[in-house]
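Q: Okay, predicted coordinates and the sequence, questions at the end:
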Amino acid sequence: MKRLAILTVLFAALVSAANKVQAQVPYGLSSFPTASATIFLDFDGQTVNSPYWNGGTPFVCTAAALTNAQMVRIFNQVSEDFRPFNLNITTDSSVYFAAPATRRQRIIITPTSSWYGSAGGVAYVESFRWGLEIPGFVFSTLLNNNAKNVSEASSHEIGHTLGLYHQSQYNSSCGFVTEYFAGTGSGEIGWAPIMGNSYSRNLTLWHNGPNSFGCNSLQNDLQILASSANGFGYRTDDVGNTTTAAAAVNLTNNNYAISGFVNNTTDQDFFRLNLTNPGRLTLNALPFSVAANNGSANIDLQVSLMNGNTVIATYNPTTSTAAIADTTLNAGTYYIRVANTSNANTTNYGMLGNYNMTGTFVANSTLPIYSLNLSGAINQSKHELSWGIVADEAIDNIRIEVSEDGRSFSKLQDVVGTQRSFSYQPQQSKALYYRLFVTTASQLTYYSNIITLKEVATGSNYTILSNRINTNEVVVNSKGSYSWRLIDMNGRSLQSGRLTTGINRLSTPAINSGMYLLQIADGQNITTERIIKN
């Protein structure tokens, strides 16, 4: 039986459309011209005559009321979603018609939706494989002609044609919550599955989780997309995955620029840097994005600096998908390893896509600051910060910065360069993030690491010693005997037990890196804490 898949998740703000003048469609765009399969984003209208749509009665889809810039953005975001695969996204109908009938799919982006109803889009599951010229649809007017929303709906409907169903959400008892899993988190690393409700998140990815058939019906999006049934598979990797296969980093006037793409969950790209003199290395690795602040990026980057097979340092800001570094190196051969990484909202599954890395190396240059390390503790409701600085020159000023979300920081207090501690009582009872912004005597500036101080609520019946774990063990200090359960982000129960008074070491199963939820029931309330496995 042919299954019809509908994207019906719409926000109230998406139902009123702005009147726009139709722009010239950017013809000739192709993401991977040599690919074995093609997806055609059809913006300029189409007469549909198909027994599978509108009861077989022909109808006319008018052109999308989108600007040229919006169409290019949609093309780029959809292309990035399918970048790992041997699949070409195009706006050119001639490229579409040149592809084999069983290796092509048309997605009509149109304001014409009255023939169907109120939905973000609609497509037949697996229709890409049938060779019957059955288009899918994205209804741009019902998405308020918003390029981000049209992009999300386009990738979603393409996913249906390639065999994907909805990524759904279930509770810890396997009870159905919603057909469209909306993900979790906010800001740059806020995450949602493409086959769920991804309009309001930045990091929207292919996912491995339960679909709409039940909590135990796991859908491995990447496996299905790259399957032999679709016939196109993954693209060939572009950069070696070991130090022996590393690509060379070439310096031109002390600058370098390299790029690559992570095409599967375990892919690691290695680059070789040969230094004949000691000096200062800077590095700025950015995921491909279509908007400011790494908008709609598809990968959270982690960059490691290596000496042979030994990792010297790893750079992975907790609230950003980018990675930056500023360090000094002796003469020698070094390796830069680029990979994806889990974050507070999701695992690294589906974090695939392009990145660019730029930087400088200045020989015989040193950093005035060798070490800048911030630490903190809570003492009788006061937040006590302390830090150590190892530097070649005097520190002119230290600015203590605070944030409620770990992303947007503001000045808390300026202190003199010789000060090494600070204490105050915050008004908020929520978790707060801190960092230092340090200025040297020569007016060079540096940021410290970010720390989090979380106030323990008065009368709390338990305390988790650390929400980040390196081993399969969570340590909880409990005031009594309470039940606990560890569940994954799909609501599946992994382990359960009962706390006793005092220190409890909760042995968890052999879990992968990523985020999990620890639920503790104290007889009156059930509280949930996030646990992150490094």
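A: Nice, I can see it. These figures come from a predicted structure and were not determined experimentally.
Q: What number of neighbouring residues does residue 347 come out with?
A: 22 (other C-beta atoms under 10 Å). (Glycine included, C-beta is placed from N, CA and C.)
Q: so how far is residue 112 from residue 199?
A: 21 Å (C-beta to C-beta, to the nearest Å).
Q: Same drill for those two, tell me which one is more crowded.
A: For residue 199 versus residue 112, neighbours defined as other C-beta under 10 Å are more numerous around residue 199 (23 against 20).
Q: mind checking pLDDT for that one?
A: Looking at residue 199, its pLDDT is 96.
Q: Just to check, it is in contact with residue 150?
A: No - using C-beta atoms under 8 Å, residue 199 is not in contact with residue 150; the gap is 10.1 Å.
Q: you'd agree residue 415 is in a strand?
A: Yes - Residue 415: assigned to a strand according to DSSP: H, G, I helix; E, B strand; the rest coil.
Q: Apart from its neighbours in sequence, what residue is nearest it?
A: Of all residues not flanking residue 415 in the chain, residue 398 sits nearest, at 5.0 Å (C-beta to C-beta, 6 or more residues apart in numbering).
Q: counting contacts, what elements does the one helix or strand the one you found maps to pack onto?
A: If you go by DSSP states H and E, residue 398 is part of strand 395-403. Here strand 395-403 touches strand 382-391, strand 410-416, strand 432-440, going by 3 or more C-beta pairs under 8 Å, 6 or more residues apart in numbering; DSSP states H and E.
Q: That one: which residues count as buried?
A: Buried positions in strand 395-403, judged by neighbour count with 16 or more other C-beta atoms under 10 Å: 395, 398-403.
Q: Got the confidence number for residue 161?
A: On pLDDT, residue 161 comes in at 98.
Q: can you tell me which residues contact it?
A: By C-beta atoms under 8 Å, 6 or more residues apart in numbering, the residues touching residue 161 are 105, 107, 123-128, 136.
Q: Now flag whichever of the residues you listed is closest to residue 164.
A: residue 125 (7.4 Å; C-beta to C-beta).
Q: How many neighbouring residues does residue 215 have?
A: Count around residue 215 with other C-beta under 10 Å applied: 21.
Q: typed the wrong thing, it's residue 512
A: 11.
Q: show me what contacts the residue of the chain positioned farthest from its centre?
A: Largest separation from the mean C-alpha position in the chain: residue 57, at 42.0 Å (C-alpha atoms, centre = their mean). With contact set as C-beta under 8 Å, 6+ apart, residue 57 has no partners.
Q: any idea how far residue 314 is from it?
A: Note on residue 57: its distance to residue 314, by C-beta to C-beta, is 60 Å.
Q: Ramachandran coordinates for the nearest residue to residue 193 once chain neighbours are set aside?
A: Nearest non-adjacent residue to residue 193, counting by C-beta to C-beta, 6+ apart: residue 207, 3.6 Å away. Main-chain dihedrals, residue 207, degrees, to the nearest 10: phi -140, psi 160.
Q: isn't residue 207 right next to residue 197, touching?
A: No - using C-beta under 8 Å, residue 207 is not in contact with residue 197, being 12.0 Å away.
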